[in-house]
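Colleague: this one's structure only:
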């Protein structure tokens, strides 16, 4: 029994030890989390470095002798301060080197554009850049601490006099938090610091080393919840080739090409092949099959590949050993204020050193000029020597800036006889005067510290700002609807009788090509409508009368319908649009009666209104059994409206008599310069009212003229100089420089081949377009170069209509002048009454949103039908 009791006591003791371990685990985890946050992942606001980066820079400074050092040697030196492996140090050093700011690299350091890694650390070399040597180090104002093993001293923070954290950016994942500070432009950061010091407002936006186009509308100063949209820079090289010249930040050419190939394999886009010609600059050629629109493919690349990405910044830094979430504006303000304090500390130290130099130089002059050294010849003790010199100096110390100490006297006794014998009083005075000037200048800087800091930043920009212009172009992006740009990669089939639609019904009736993200709209004989997602096989309702790809917010597609309101009921006619719906919901279009039936139906993509013939069954005393109806007489209303009464009698059949023409208004199209895209939402400059066959005229600086359909997905080049609705009868006037003949020519022409791009200047390398105008009667002014020693020739004013008649598009035109030309200006055109375009007979379109579910705008009868009867 006693042995059992002893065993139980030992078991209790073991249980107690387990409880203690649990408590230790809690402390250990908190310690670990704090260590990762403070010592690994998150940068400090004081210098913008993580600990490993700070130790690398400190090691580079210790090794610095102006020559390159093997990175492996730097890594080994850094391990004296960093308690981790060499791989993490080497990776961190490569990342700093690739940012091309602090480290001057030599060898293969990898490529951020292609994603290629750096060579092994034993093969590459590094040294500090001139910028780093000037901005990062100042040992006299650096606070030091012991390294992890107590053998070395390392800086607590480096005295960085520049917003380095914002210039380089930072990213790290710790325990329970993370940080993602995006890089910003070098020169813009300096300008912002100067503005802050002047008390002016400033804004900061990211700038990525990979370039690209960025939308910073929701940047939110880099705080949590912000977002930056980044796009590759894509342009059309020709009608079958796209070229990508800049890529989004966070991607590389390999991952970008992989995403394009995956989208092609999934059928989202259609390409022939890709060529990667990237070297120092990005060049990815995307070859398209014949018949594929380059503009739509560009939008599809943004919608379905890594050519567009979204970056979510999160500004988290370490301050006083605590994580702090702040925006980039506050980061820059703190960095700038810290720079001012560091400059102040340097000036105060410099002032103290200068005053010490002045003090000793003055003492030395007094000591030698007044031959005080002779007073110690008879002294036998050290104390006597000190006292004799002190006594000899006293008559001359009134103008000194501080009292003479024993240390000063000791320094005087250390002056060599050789220096005393060769002492030059004039040079000594010059030294003191120069020290006086430097002291006065330093005091002035301290008194005007803000102005001094501004000059410091300006000098940095002057010395290191060249070649650091903004890489990323800031634009406002237009939203791309995936359904409008996706390639139709599958086929849609329908079984009308059984009521199935889908992509797997290959034995049934083919409807159209579609994509796997499309919505499909379906109408049935019962007068019901439903919109559903494309799938392999979906039941939507028996006796399908119409099925098509559904376009959301489409106000141009108009549905014309005649239906019978239940068994023995009256027949009604209606026209409606379907702009918005709830997916997979059944919408009744012919009333609530189960026996309702559609007698006639048509879908019209441009609001066409046909003429039909209604034939009635012979019944009783009906005299008129046949008559025509024109859908143009019926207003377009909401889909829930009952419509107009056609007849109360039984309809035998309805026949199409005449195909309809569009009854919709011409579409107004605007050009938004902010996003360089067309739109129908009223943003930007109105280009005009466009009917189905109207075209746009586009002229660019390269001398190309083309007419294109007003497709909202069209991309326009930045060098476009004319964009307007094309009038085939309106002449185009162009002044161009003929490179071969070295003369300016003026030509007028009409576009002869619509939908074709033509070059209207010669292909000579020196030829260029000076100006182009589509005014009916333009006037230009020619300014001439002033001859040496002569009066300038008066300006020449040219009435273009009188100067040259309209000729062929390939004609060179008439020579404008043989004199040397300084400028050619376009003046106000002469008066011309432009013929008015015939106005289309528009019809009033009532949007679905403005129509009640059970009512229309007209007065209704008790049975719900419109008061107007068509029979």
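Modeller: Happy to help now that I have it. Source: prediction; values computed, not measured.

Colleague: mind checking how far residue 283 is from residue 127?
Modeller: Distance from residue 283 to residue 127, counting by Cβ to Cβ, to the nearest Å: 32 Å. Using the backbone N, CA and C atoms, a C-beta is placed for each residue, glycine as well.

Colleague: Pretty sure residue 32 sits against residue 40.
Modeller: No. Judged on Cβ atoms under 8 Å, residue 32 makes no contact with residue 40 at a distance of 10.5 Å.

Colleague: For the two, indicate the residue with more neighbours.
Modeller: A count of neighbours by other Cβ atoms under 10 Å puts residue 40 above the other of residue 32 and residue 40, at 16 against 11.

Colleague: Could you list which residues are in contact with the more buried one?
Modeller: Applying Cβ atoms under 8 Å, 6 or more residues apart in numbering to residue 40 gives the contacts 50, 51, 52, 172, 174.

Colleague: tally of neighbours for the last one?
Modeller: Meaning residue 174. 19.

Colleague: ok, now which ones touch it?
Modeller: Residue 174 makes contact with 33, 36, 37, 40, 41, 42, according to Cβ under 8 Å, 6+ apart.

Colleague: let's go with 7 Å and repeat that
Modeller: 36, 37, 40, 41, 42 (Cβ atoms under 7 Å, 6 or more residues apart in numbering).

Colleague: pLDDT, secondary structure and distance to residue 635 added to those residues, as TSV?
Modeller: Putting the contacts of residue 174 into TSV (pLDDT from 0 to 100; DSSP: H, G, I helix; E, B strand; the rest coil; distance: Cβ to Cβ, whole Å) gives the following:
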residue	pLDDT	secondary structure	distance to residue 635
36	78	helix	69
37	79	helix	67
40	79	helix	70
41	83	helix	65
42	89	coil	65
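
Colleague: Show me the residue at the heart of the protein, geometrically.
Modeller: Geometric centre of the chain, nearest residue: residue 214, 0.2 Å, by Cα atoms, centre = their mean.

Colleague: Helix or strand with the lowest mean pLDDT in the protein?
Modeller: For the chain, the helix or strand with the lowest mean confidence is strand 866-869, at a mean of 35 (criterion: mean pLDDT, DSSP states H and E).

Colleague: Enumerate the strands of the stretch 151-300 of the chain by residue range, in sequence order.
Modeller: Read by DSSP state E, counting those that start in this stretch, the stretch 151-300 of the chain holds these strands, from start to end of the chain: 153-157, 170-173, 178-181, 213-215, 228-231, 233-238, 241-246, 273-276, 284-287.

Colleague: Return the closest of the contacts of residue 174 with respect to residue 227.
Modeller: residue 42 (21.3 Å; Cβ to Cβ).

Colleague: Count residues in the vicinity of the closest one, would you?
Modeller: If you count neighbours by other Cβ under 10 Å, residue 42 ends up with 24.

Colleague: and the longest helix along the chain with strand 153-157, angle?
Modeller: Ranked by residue count under DSSP state H, the longest helix found in the chain is helix 328-369. On the basis of axes from the mean of the first three to the mean of the last three Cα atoms, to 10 degrees, helix 328-369 is oriented at 130 degrees to strand 153-157.

Colleague: other SSEs contacting helix 328-369?
Modeller: helix 164-168, helix 186-197, helix 406-413, helix 425-447, helix 449-464 (3 or more Cβ pairs under 7 Å, 6 or more residues apart in numbering; DSSP states H and E).

Colleague: want to throw those into JSON lines with distance to residue 92, mean pLDDT and mean neighbour count?
Modeller: Putting the helices and strands packed on helix 328-369 into JSON lines (distance: least, Cβ to Cβ, whole Å; pLDDT from 0 to 100; neighbours: other Cβ atoms under 10 Å) gives the following:
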{"stretch": "helix 164-168", "distance to residue 92": "12", "mean pLDDT": "93", "mean neighbour count": "24"}
{"stretch": "helix 186-197", "distance to residue 92": "21", "mean pLDDT": "94", "mean neighbour count": "22"}
{"stretch": "helix 406-413", "distance to residue 92": "45", "mean pLDDT": "83", "mean neighbour count": "15"}
{"stretch": "helix 425-447", "distance to residue 92": "36", "mean pLDDT": "89", "mean neighbour count": "14"}
{"stretch": "helix 449-464", "distance to residue 92": "23", "mean pLDDT": "94", "mean neighbour count": "16"}
